[in-house]
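Trainee: requesting a structural model of the entry that follows:
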Amino acid sequence: MKKHSRNNKKILIASVIIVAVVLIGAAGGAVWFFLSGQNGKKTAEPEAADPVVAQEEYESMQEEVVTDSDDPMQRKIDFKALQEINPDVYAWISIPGTNIDYPVLQSATEADDYYLNTTIDGKHGYPGSIYTEKYNSTTFADPVTVMYGHELKNGTMFSELHNYTDKEFFDENPYIYIYCPNYTLKYQIFSAVSFDDRYILGSYNFQDADDFQKYVDELRSAIDGNVNNDVQVSQDTTVLTLSTCISAYPDQRWLVSGTIVDAAEVEDAQATE
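Mentor: Predicted structure coming up:
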């Protein structure tokens, strides 16, 4: 009887161990499944952008948020509506004579080149967005602000900056307009040139007058492009440089640069967060 009792006890212990192992395994599997699901959510790929659809959406957006005027300085942008789409929108760029008429974005949290391949509504891929980096303030008060956008086969985003390779076009379309919630800035273009692909914001100390002048002089002395030497440029008037690729020369950039010649406060400026 005692031997039989000991056998029963061994069987019971073995059964308990087996049940415990099964339960632990099931619990571990559940934890793994849960964590895998959580990780999947964090690393899920954003929706892919379609360049054609994205451009159609940008054009529709323009119709909804832009109120045109005969005087470009009086043009109005509905920033409240734009920031409901994406709070990273802080300005709008328009260049008469081109199709460049887009919101400008800057992310305070993502990598500086995040909007190179991310649309205003968060889709990934071309055409991306027009954007600036955190190195620059969003006030356009820096001595030099660099703004980026793609050159695309369908001619959108910053593609038509290449129109400035033509001297007649350069002379007849000299202005860039930047709209902010509280003011509008008018820049006169003084150079449209091919430049090397150095990182401009990291290659100069634009707070230094000599370094600032060195950059302006290098733009004006570029061999390939057009320049208006009659436009006076200083740290006070600042510089806006628009940068895009040159498809035939991937180690170069096409830069269109202007300096502020007029500024106006926006009447009934919208309060934005």
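
Trainee: residues in contact with the nearest residue to Asp68 once chain neighbours are set aside?
Mentor: Spatial nearest neighbour of Asp68, excluding adjacent residues (C-beta to C-beta, 6 or more residues apart in numbering): Arg75 at 5.9 Å. To be clear about C-beta, it is placed using only N, CA and C from the backbone, and glycine gets the same treatment. Counting by C-beta atoms under 8 Å, 6 or more residues apart in numbering, Arg75 touches Val66, Thr67, Asp68, Ser69, Ser94, Tyr177, Tyr179, Thr184.

Trainee: Asn228 too?
Mentor: Contacts of Asn228 (C-beta under 8 Å, 6+ apart): Phe170, Asp171, Pro174, Gln188, Ile189, Phe190, Ser191.

Trainee: please repeat the previous calculation with a cut-off of 10 Å.
Mentor: Asn228 sits next to Phe170, Asp171, Pro174, Gln188, Ile189, Phe190, Ser191, Ala192, Arg220, Gly258 when contact means C-beta atoms under 10 Å, 6 or more residues apart in numbering.

Trainee: filter the contacts of Arg75 to the buried ones?
Mentor: Among those, the ones that count as buried by 16 or more other C-beta atoms under 10 Å are Val66, Ser94, Tyr177, Tyr179, Thr184.

Trainee: and the nearest residue to the fourth one once chain neighbours are set aside, backbone torsions?
Mentor: Closest residue to Tyr179 in three dimensions, ignoring its sequence neighbours and counting by C-beta to C-beta, 6+ apart: Trp92, at 4.2 Å. The phi and psi values for Trp92, taken as degrees, to the nearest 10, are phi -140, psi 140.

Trainee: same question for Glu64.
Mentor: Dihedral angles of Glu64 (phi, psi; degrees, to the nearest 10) stand at phi -80, psi -30.

Trainee: state the number of residues packed around it.
Mentor: Each residue near Glu64 was counted by other C-beta atoms under 10 Å, and the total is 10.

Trainee: do the same with Phe79
Mentor: By other C-beta under 10 Å, neighbour count at Phe79 equals 23.

Trainee: where does the nearest residue to it once chain neighbours are set aside sit: helix, strand or coil?
Mentor: The shortest distance from Phe79 to any non-neighbouring residue, by C-beta to C-beta, 6+ apart, is to Pro181 (4.6 Å). With DSSP: H, G, I helix; E, B strand; the rest coil as the basis, the three-state label of Pro181 is coil.

Trainee: and Phe170, what is it in contact with?
Mentor: Contacts of Phe170 by C-beta under 10 Å, 6+ apart are Asn163, Tyr164, Ile189, Ser191, Ala192, Gly225, Asn226, Val227, Asn228, Val256.

Trainee: rewinding a little: show me what the residue nearest to Tyr179 is bridged to.
Mentor: When assigned by DSSP bridges, Trp92 has beta-bridge partners Pro103, Tyr179.

Trainee: surely it touches Tyr183?
Mentor: No: between Trp92 and Tyr183 there is no contact under C-beta atoms under 10 Å: 11.9 Å.
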